[in-house]
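Engineer: What follows is a predicted protein model with its sequence.
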Amino acid sequence: MTRRRQLPLDMLALDRSIDTPLYRQLYESLRSQILDGRLAPRMRLPATRELAADLNVSRNTVIGAYDALLAEGYLESVAGSGTLVAALPQHPTRAKASRRVSPLPSLSRRGELMTTLPRDRTIPNRIAFHPGYPEIPNFPFAIWAKLVAANMRNPREDLFGYHLVAGHPRLRAALAEYLGVSRGVRCDPEQVIVVTGAQAALDLIGRTFMDPGDYFWIEDPGYHGARNAFLSAGGKAAPLPVGPGGWDIDAANPPPRLIFVTPSCQWPLGLVMPMEVRLKLLQIAERHNAWIIEDDYDSEYRFRGHPIPAMQGLDDSGRVIYVGTLSKTMFPSIRVAYIVVPSSLVEGFKTAVSISGQYPSLLLQAALADFISQGFFATHLRRMRRLYARRQREFVAMCRARLDRWLAVDEIDTGMQVMGRFKRPMDDGDVLAAAQKRGVDFSRMSTHYCYARPEHGMFLGYAGVDREQARAGVERLRLAFQDLERSRSRN
């Protein structure tokens with residue numbers, strides 16, 4: 001019989017003030033000590049009744065922890081010997097800090113690429129002029145909560161299964177109707193594929209439409225999320241230059257497999273693609289047998305004139321894949337976007353979505369369908385258009401009044417962000433560092449370029465910032481510019 005060793009009770013940390021169940025705390029504590037080698041192989045643990053008395057817990061608490069450890073192979077139950085620590089092979093799960101360990105297997109080439117691509121990083125607890133960030137406090141959360149609760153109480157449809165991978169039928173129908181009326185998109189509900197956010201849509205499109213080595217045209221400056229998704233799918237990027245005068249389609253080459261554009265509000269310059277350029281791009285796509293990916297990320301917010309219809313509505317050949325999102329019109333964490341695909345691709349996309357697992361909760365989708373069909377979405381959009389139009393005017397006026405010495409900021413007709421151009425040569429990385437020291441964050445303009453010589457400036461989101469926050473943020477930016485001037489004068 002294995003000689004019993006005493007189990008030190010101070011090694012078992014149980015905290016009754018936290019929400020984690022006591023049996024789980026005991027399990028974690030014992031498991032950690034087994035992996036660290038503090039509980040040696042073949043060591044016998046106290047009987048459940050004895051340990052329960054020592055720890056002043058119920059016997060069921062100890063039984064629950066022991067049973068979990070037995071099931072996972074950390075303990076063994078030996079007739080006549082009680083419960084023993086299992087003899088794990090050299091405790092490989094957790095290595096001592098002082099022990100030399102073998103290197104982990106390398107990532108795949110695609111994995112290495114994906115993990116080293118640039119991404120936007122936001123910083124909490126700053127006055128954040130992040131582009132694309134909507135107003136959150138004014139969203140009708142009380143109505144939203146009632147719709148979610150109503151669908152939970154009355155599951156009239158199959159909300160809890162795996163069957164509806166392309167999206168809830170009522171949501172697909174609501175989106176198709178909304179897109180037809182507001183954006184001029186021509187589609188049946190079956191053509192609408194619902195996914196978990198715009199980035200998931202771009203990832204799925206890249207993997208579905210491109211083979212490794214295929215070229216894709218990407219706006220420069222442009223949206224890194226699309227570029228990263230298509231690079232990760234094995235594509236090769238070719239720039240589609242965009243400047244103050246618009247899209248230079250003739251400068252793009254070689255022949256593409258995909259063409260990614262943001263025609264209704266170019267990211268980040270805020271331009272609207274003219275009709276003649278849209279028609280020419282459709283001709284180029286047909287000539288090269290290419291797909292056009294139209295990212296219509298915030299076209300709902302147009303403040304002067306009528307909304308520009310989507311390119312998809314001009315397309316008679318079915319080459320335009322339309323991508324939209326609810327993150328800008330509702331709130332970012334809702335993680336719902338949609339793809340409009342040709343009828344011939346619907347079944348294939350259903351399979352692709354089921355393989356990727358990129359479909360949102362059907363309960364969430366049912367509530368969304370009600371939110372749209374019952375008119376709450378349209379009401380919210382009207383309120384936000386008025387609010388954002390006012391906020392843009394006020395924000396630009398504040399920038400002109402307090403930052404005019406360093407920055408030129410103009411109003412634009414559409415979108416949730418404006419561009420600030422430096423009046424004298426400055427590095428937007430230096431400006432961002434100074435701003436962050438003052439508690440303000442924004443997006444550097446230069447980071448949106450990959451090929452052309454970058455323009456340095458400030459990409460400033462105003463939509464999700466109220467008047468007082470905007471005023472405080474602009475004042476802190478003024479202090480940041482002054483800090484930079486003092487620093488330069490000393491040097």
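Structural biologist: Happy to help now that I have it. Numbers count the residues shown, from 1 in each chain.

Engineer: Past the top strand by length along the chain, which element shows up next along the chain?
Structural biologist: Among the segments of the chain that qualify as a strand by DSSP state E, the longest is strand 236-243. Counting by DSSP states H and E, the next helix or strand C-terminal to strand 236-243 is strand 246-247.

Engineer: State the number of residues packed around Leu231.
Structural biologist: Residue neighbour count, defined by other CB atoms under 10 Å, stands at 19 for Leu231. Where you see a C-beta, it was placed from the backbone N, CA and C, and this is true even at glycine.

Engineer: List the contacts of the host helix or strand of it.
Structural biologist: Assigned by DSSP H and E, Leu231 falls within helix 224-232. Outside helix 224-232, the residues within contact range by CB atoms under 8 Å, 6 or more residues apart in numbering are 110, 113-114, 117-120, 198-199, 202-203, 205-206, 210, 216, 218, 237, 258, 260, 293, 295, 447-448, 450.

Engineer: sorry, back to before: which other residues reach the longest strand of the chain?
Structural biologist: With contact meaning CB under 8 Å, 6+ apart, strand 236-243 is reached by 213-222, 227, 230-231, 247-249, 251-254, 256, 259-261, 266, 269, 271, 450-452.

Engineer: swap the cut-off to 6 Å and go again
Structural biologist: Residues from elsewhere that reach strand 236-243, judged by CB atoms under 6 Å, 6 or more residues apart in numbering: Tyr215, Trp217, Ile218, Glu219, Asp220, Arg227, Asp248, Ala251, Ala252, Tyr451.

Engineer: Flag every buried residue along that strand.
Structural biologist: Judged by neighbour count (16 or more other CB atoms under 10 Å), strand 236-243 contains these buried residues: Ala237, Ala238, Pro239, Leu240, Pro241, Val242.

Engineer: Can you find the helix or strand in this protein with the smallest mean pLDDT?
Structural biologist: In the chain, no helix or strand scores lower on mean pLDDT, DSSP states H and E than helix 109-116, which sits at a mean of 82.

Engineer: Contacts only, for Gly457.
Structural biologist: Gly457 sits next to Met419, Gly420, Arg421, Phe422, Met445 when contact means CB under 6 Å, 6+ apart.

Engineer: again with Tyr223
Structural biologist: Counting by CB under 6 Å, 6+ apart, Tyr223 touches Trp267.

Engineer: picking up where we left off before, going by neighbour count, which of the contacts of strand 236-243 comes out on top?
Structural biologist: Counting neighbours by other CB under 10 Å, Trp217 comes out on top of these with 29 neighbours.

Engineer: so that one touches Ile259, yeah?
Structural biologist: Yes - using CB atoms under 6 Å, Trp217 is in contact with Ile259, at 4.5 Å.

Engineer: where does Gly80 fall, phi/psi-wise?
Structural biologist: For Gly80, the backbone dihedrals (degrees, to the nearest 10) come out as phi 80, psi -10.

Engineer: what's the spacing between it and Tyr74?
Structural biologist: Distance of Gly80 to Tyr74, given as CB to CB, to the nearest Å: 20 Å.

Engineer: Pick out whichever of the two has more residues nearby.
Structural biologist: Applying other CB under 10 Å to Gly80 and Tyr74 shows that Tyr74 carries more neighbours, namely 19 against 5.

Engineer: List the buried residues in the longest helix along the chain.
Structural biologist: Longest helix in the chain by number of residues (criterion: DSSP state H): helix 376-403. Residues of helix 376-403 classed as buried: 377, 380-381, 384, 387-388, 391-392, 395-396, 398-399, 402-403 (neighbour count, 16+ other CB under 10 Å).

Engineer: and what of stretch 170-179?
Structural biologist: Buried, per 16+ other CB under 10 Å, within stretch 170-179: Arg170, Leu171, Arg172, Ala173, Ala174, Leu175, Ala176, Tyr178, Leu179.

Engineer: Excluding chain neighbours, give the residue nearest to Arg183 in space.
Structural biologist: Ranked by CB to CB, 6 or more residues apart in numbering and with sequence neighbours excluded, the top spatial neighbour of Arg183 is Ala310, at 4.5 Å.

Engineer: pLDDT score for that neighbour?
Structural biologist: In the prediction, the pLDDT value recorded for Ala310 is 93.

Engineer: for it, what are its contacts?
Structural biologist: Applying CB under 6 Å, 6+ apart to Ala310 gives the contacts Arg183, Gly184, Val185, Asp296.

Engineer: Tell me how many other residues surround Pro155.
Structural biologist: Pro155 has 12 neighbouring residues, counting by other CB under 10 Å.

Engineer: re the thing from before, I'd like to check what contacts the helix or strand following the longest helix of the chain. Which residues are they?
Structural biologist: Toward the C-terminal end, the helix or strand that comes next after helix 376-403 (DSSP H and E) is strand 407-409. Applying CB under 6 Å, 6+ apart, the external contacts of strand 407-409 come out as Val396, Cys399, Val418, Gly420, Arg421, Lys423.

Engineer: give me the beta-bridge partners of the closest residue to the second one other than its chain neighbours?
Structural biologist: To tie it back to what came earlier, the one meant is Cys399. With CB to CB, 6+ apart as the measure, Val409 is the residue that lies nearest to Cys399, at 4.1 Å, once sequence neighbours are left out. Listed by DSSP bridges, the beta-bridge partners for Val409 are Gly420.

Engineer: residues near Val409, how many?
Structural biologist: By other CB under 10 Å, the residues close to Val409 number 23.

Engineer: any idea how far it is from Gly415?
Structural biologist: Between Val409 and Gly415 the distance, using CB to CB, works out to 13 Å.

Engineer: cool, Val261 as well?
Structural biologist: Applying CB to CB, one obtains 15 Å for the distance of Val261 from Gly415.

Engineer: Which one of those two is surrounded by more residues?
Structural biologist: Comparing Val261 with Gly415 by other CB under 10 Å, the one with more neighbours is Gly415, at 31 against 28.

Engineer: So the more buried one is in contact with Leu269, correct?
Structural biologist: No - here Gly415 does not reach Leu269: they are 9.8 Å apart, not a contact under CB under 6 Å.
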